[in-house]
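# could you work out the structure for the sequence below:
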Amino acid sequence: PPRFLLLCKAEYPNRFPMPLHLLLLPLFASAHWAQETTLTLRSEDGLQGKHSLPKTNRLAADTNRFILLTLPRTGSTWIGNLLHRNPEIYFHNGECFKSKDDLEHCISHTDKDFILQKTTPLTTQLLKVLTNPPDSNATYVGVKWHMNQLAGDVRASHKSIESFAKFINEKNIKIISIQRMNALRRCFSLYDMSQRHAAGMVNQKSSIEAEKHPNLKSFSDDKRYDVPINYISNCIQRHGRHEETRAEFLKLVKPSLVIKLKYEDFCDKEVQQLATIQTFLKLKTPIGVVSQYEKMHTKHVEQMIKNWGELRSALEKQFDTQLIAEWASHKAVC
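Residues are numbered from 1 along each chain as shown. Take a look at the predicted model:
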């Protein structure tokens, strides 16, 4: 251990002819010391006093940071869990940017002494989250960030999408974008989850508490609803706006930092899609497919929505008829 070698060098200088800083630099560099380190030695052999070691970067390069950019109900929990299980990745479980409590929880793993203030810049928050924890040997650090949260956080910080994209480019933060094309099924999934929240199955204020909730296993239950037309209609419109913002944002990020994947492709090509992510992040270890999470809402829409006929007629008056038909198709069960 470094401390043992320091003592040996101090007591037996002739046994260690190499200069002190050259002796210790490889050791501390391999330990990923992030700050300049000052060592005080006690010896009567001329080594007493303070000795400084050069700074070494905890992350080999800024490109080792990445964001999993999604919307709610697009498989991000499942994909995030698989990334978290990879030994080369430290991936934050849960949603760091869902609430102040969640953000503090995530930062506590990377910098336990950092105090989050209302005035803490969004860019600082992100960098704190994307810092390798002291006890982690991971090469890559990632976080899930929902597009609606990112857009809201950027607006709240009085920044523009352009300035935030510029920051992403400067820091070489990679973006894994997962887009769900079927807005109808996504919106039904959101409605189902809202009903489970209302029933007390999950505490929606904090993803930390949601992970601990004793009724989490009930998520695999099949539910069937009369779904309010306005809920689905408004949700589809919000979905479109979020996707427009995502497209605007990703156009501003350097192409080399972005990979765009479709949620639906994970349904029957999960191995290929995960291999694509592995290549993008330059991981040596393949991303496994074993997870404790199971796919929900896999039935046809008429089997999940009691008032599907009425809902379909209303949606066809407001949106493209062919698009509604594609979303409701029996082939679109993902």
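
# got a pLDDT number for residue 291?
We note a pLDDT of 80 for residue 291 in this prediction.

# what sits against the nearest residue to it once chain neighbours are set aside?
Nearest-residue entry for residue 291: residue 81, 5.0 Å, with adjacent residues in sequence omitted and distances by Cβ to Cβ, 6 or more residues apart in numbering. (Each C-beta comes from the backbone N, C-alpha and C, glycine too.) Residue 81 makes contact with 93, 291-293, according to Cβ atoms under 8 Å, 6 or more residues apart in numbering.

# buried among these? Need that as a selection in PyMOL.
Of the contacts of residue 81, the buried ones go into a single PyMOL selection, burial set by 16 or more other Cβ atoms under 10 Å:
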select buried, resi 93
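
# residue 104: neighbour count?
Residue 104: 14 surrounding residues under other Cβ atoms under 10 Å.

# surely residue 298 and residue 304 touch.
No - between residue 298 and residue 304 there is no contact under Cβ atoms under 8 Å: 9.3 Å.

# neighbour count for these two, which is higher?
Taking other Cβ under 10 Å, residue 298 and residue 304 do not tie; residue 304 has more neighbours (20 against 13).

# now do the contacts for that one.
188, 192, 222-225, 297.

# longest helix in the protein, by residue count?
helix 229-252 (DSSP state H).

# contacts for that one?
Contacts of helix 229-252 (Cβ under 8 Å, 6+ apart): 69, 71, 147-148, 150-151, 161-162, 164-166, 169, 175, 177, 179, 183-184, 186-188, 190-191, 258, 260, 310-311, 314-315, 318-319.

# now with 7 Å?
71, 147-148, 151, 161-162, 165, 175, 177, 179, 183-184, 186-187, 190-191, 258, 311, 314-315, 318-319 (Cβ atoms under 7 Å, 6 or more residues apart in numbering).

# and the residue nearest to residue 291, what pLDDT?
93.

# and residue 287, what is it in contact with?
Residue 287 sits in contact with 82-83, 86, 274, 277-278, where contact means Cβ under 7 Å, 6+ apart.

# quick check: which ranges of this protein have low pLDDT?
1-63, 201-222 (pLDDT under 70).

# ok, 80 please
1-63, 199-223, 292-295, 331-332 (pLDDT under 80).

# tell me the helix or strand right after the stretch of helix or strand residue 143 belongs to.
Per DSSP states H and E: residue 143 is located in strand 140-146. Counting by DSSP H and E, the element after strand 140-146 in chain order, helix or strand, is helix 147-156.

# excluding its backbone neighbours, what's nearest residue 139?
What sits nearest to residue 139 in space, not counting adjacent residues and going by Cβ to Cβ, 6+ apart, is residue 88, at 4.9 Å.

# oh sorry, the question was meant for residue 314
Spatial nearest neighbour of residue 314, chain neighbours left out: residue 229 (4.7 Å); criterion: Cβ to Cβ, 6+ apart.

# how many neighbours does the one you found have?
16.

# how about the strands in the stretch 151-300 of the chain?
174-179, 258-262 (DSSP state E, counting those that start in this stretch).

# comparing those, which comes out most buried?
strand 174-179 (a mean of 21; mean count of other Cβ atoms under 10 Å).

# what pairs with the strand holding residue 143, and is each one parallel or antiparallel?
Strand 140-146 has the following sheet partners, assigned by DSSP bridges: strand 65-70 (parallel), strand 89-91 (parallel).

# so how far is it from its chain's centroid?
Averaging C-alpha positions (Cα atoms, centre = their mean, to the nearest Å) puts strand 140-146 2 Å from its chain's average.

# what angle sits between that strand and helix 229-252?
Angle, strand 140-146 to helix 229-252, by axes from the mean of the first three to the mean of the last three Cα atoms, to 10 degrees: 140 degrees.

# hang on, the earlier thing: now find how far off-centre the longest helix of the chain is within its chain.
20 Å.

# output it as PDB, restricted to C-alpha atoms.
Below are the C-alpha coordinates for helix 229-252, written out as PDB (Å, rounded to 0.1, in the frame of the first residue of the first chain):
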ATOM      1  CA  ILE A 229     -60.500  10.800 -24.100                       C
ATOM      2  CA  ASN A 230     -59.000  14.200 -23.100                       C
ATOM      3  CA  TYR A 231     -56.200  12.400 -21.100                       C
ATOM      4  CA  ILE A 232     -55.000  10.400 -24.200                       C
ATOM      5  CA  SER A 233     -55.500  13.400 -26.600                       C
ATOM      6  CA  ASN A 234     -53.500  15.800 -24.400                       C
ATOM      7  CA  CYS A 235     -50.800  13.200 -23.800                       C
ATOM      8  CA  ILE A 236     -50.300  12.600 -27.500                       C
ATOM      9  CA  GLN A 237     -50.000  16.300 -28.100                       C
ATOM     10  CA  ARG A 238     -47.400  16.700 -25.200                       C
ATOM     11  CA  HIS A 239     -45.600  13.700 -26.600                       C
ATOM     12  CA  GLY A 240     -45.200  15.500 -30.000                       C
ATOM     13  CA  ARG A 241     -43.900  18.700 -28.300                       C
ATOM     14  CA  HIS A 242     -41.400  16.700 -26.300                       C
ATOM     15  CA  GLU A 243     -40.200  15.000 -29.400                       C
ATOM     16  CA  GLU A 244     -39.800  18.300 -31.300                       C
ATOM     17  CA  THR A 245     -37.700  19.600 -28.400                       C
ATOM     18  CA  ARG A 246     -35.600  16.400 -28.400                       C
ATOM     19  CA  ALA A 247     -35.000  16.700 -32.200                       C
ATOM     20  CA  GLU A 248     -34.100  20.400 -31.800                       C
ATOM     21  CA  PHE A 249     -31.700  19.600 -28.900                       C
ATOM     22  CA  LEU A 250     -30.000  16.600 -30.600                       C
ATOM     23  CA  LYS A 251     -29.400  18.600 -33.800                       C
ATOM     24  CA  LEU A 252     -27.200  20.900 -31.800                       C
END
